[in-house]
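# My questions concern the predicted model and sequence given below.
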Amino acid sequence: MGKLDGRVVLITGAARGQGEQEARLFASEGAKVVLADVLDDQGEALAKEIGGLYVHLDVSQEEGWTAAVAAAKEAHGRIDGLVNNAGILRFNELVSTPLEEFQQIVQVNQVGVFLGIKTVAPEIESAGGGTIVNTASYTGLTGMSFVGAYAATKHAIVGLTRVAALELAGKKIRVNAVCPGAVDTPMSNPGGADPEALDELYQKLVPLGRVGQPVEVARLALFLSCEDSSYITGQPFVIDGGWLAGVSVL
Ligand code: NAD
């Protein structure tokens, strides 16, 4: 028996990285997965491989959400799970960040999660209840230089998660957030830095001495999407190899 047997789960940003691993793991646990992304070729190919449904969805656009939900319902009759995973990262000092760049990050990361909750929660309620997992970041709980706009949106996602959990608990919808540290995806190494140099860096920075793997975040998203977490809602879950535990002096 799978942990998600009979469930219909929409995952945004599912074409690669953490979303890809979530799609693979959720499908292997019995879910009917709706993979949403703007990378159509990769998303289509993955959906075909794992027996899911691919929908083109730019999470920052409200009409896109309406169409994606309609496609999912046409295929499966309902939706009872959502993983808001899509996100973008830009590096810039705050005082050098163009307003347009700041707004673009807000539109995708923060408005995207808001629209996901707004559009999909009523569907989950109609299905009799379910789960929402939002992807924040450890920069949703602490600061990090040169990612000011990104960190602002991730703090906002933690806030949205808490409010949504309060408002949706009575509708049998649990809402939690994952807060990953450094995870080995195209986002964390956009410049294609030398893996050995990165390994050396993470050995120093992260108590567990390594970068996280996207499947490890997928396992946390699975826990928060299935009955194993039945009494948990409104919480941010840090998954960072101990990075946020405190300051290491040695
Ligand atoms: P990634 O860049 O590999 O994947 C992100 C996916 O989101 C891509 O498939 C991309 O096409 C999609 N996407 C981007 N903009 C979109 C939009 N407007 N509409 C729909 N899809 C869109 O990155 P990842 O590391 O897998 O990131 C997944 C999530 O995890 C993001 O929210 C990210 O902020 C968060 N996160 C990542 C790390 C990390 O170290 N990798 C750390 C903390 C949080």
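Structure's in. What do you need?

# how close does the spatially most central residue of the chain sit to the ligand?
Among the residues of the chain, the one closest to the centroid is Asn85, at 2.3 Å (C-alpha atoms, centre = their mean). Distance of Asn85 to the ligand, computed by C-beta to the nearest ligand atom, to the nearest Å: 5 Å. All C-beta spots, glycine's among them, are computed from the backbone N, C-alpha and C.

# After the longest helix anywhere in the chain, which helix or strand is next?
Counting residues, the longest helix in the chain under DSSP state H turns out to be helix 148-168. Next helix or strand after helix 148-168 toward the C-terminus (DSSP states H and E): strand 173-180.

# Let's test this: mean pLDDT of the helix or strand that that following strand is followed by, rounded?
As assigned by DSSP H and E, the chain's next helix or strand after strand 173-180 is helix 195-205. The pLDDT scores in helix 195-205 average 88.

# what helices or strands is the next helix or strand after helix 195-205 leaning on?
For helix 195-205, the following helix or strand on the C-terminal side (DSSP H and E) is helix 214-225. Counting contacts by 3 or more C-beta pairs under 8 Å, 6 or more residues apart in numbering; DSSP states H and E, helix 214-225 packs against helix 17-28, strand 81-84, strand 130-135, strand 173-180, strand 236-239.

# Identify, out of these, the most deeply packed stretch.
strand 81-84 (a mean of 29; mean count of other C-beta atoms under 10 Å).

# what packs against that one?
Helices and strands touching strand 81-84, by 3+ C-beta pairs under 8 Å, 6+ apart, are strand 8-12, helix 17-28, helix 112-126, strand 130-135, helix 214-225.

# possible to save these as TSV with mean pLDDT and distance to Leu141?
Formatted as TSV, these follow (pLDDT from 0 to 100; distance: least, C-beta to C-beta, whole Å):
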stretch	mean pLDDT	distance to Leu141
strand 8-12	98	22
helix 17-28	98	18
helix 112-126	98	16
strand 130-135	99	13
helix 214-225	99	15
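
# Could I get those in TSV, plus columns for distance to the ligand?
Listed next are those as TSV, based on distance: least, C-beta to the nearest ligand atom, whole Å:
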stretch	distance to the ligand
strand 8-12	5
helix 17-28	2
helix 112-126	6
strand 130-135	4
helix 214-225	6
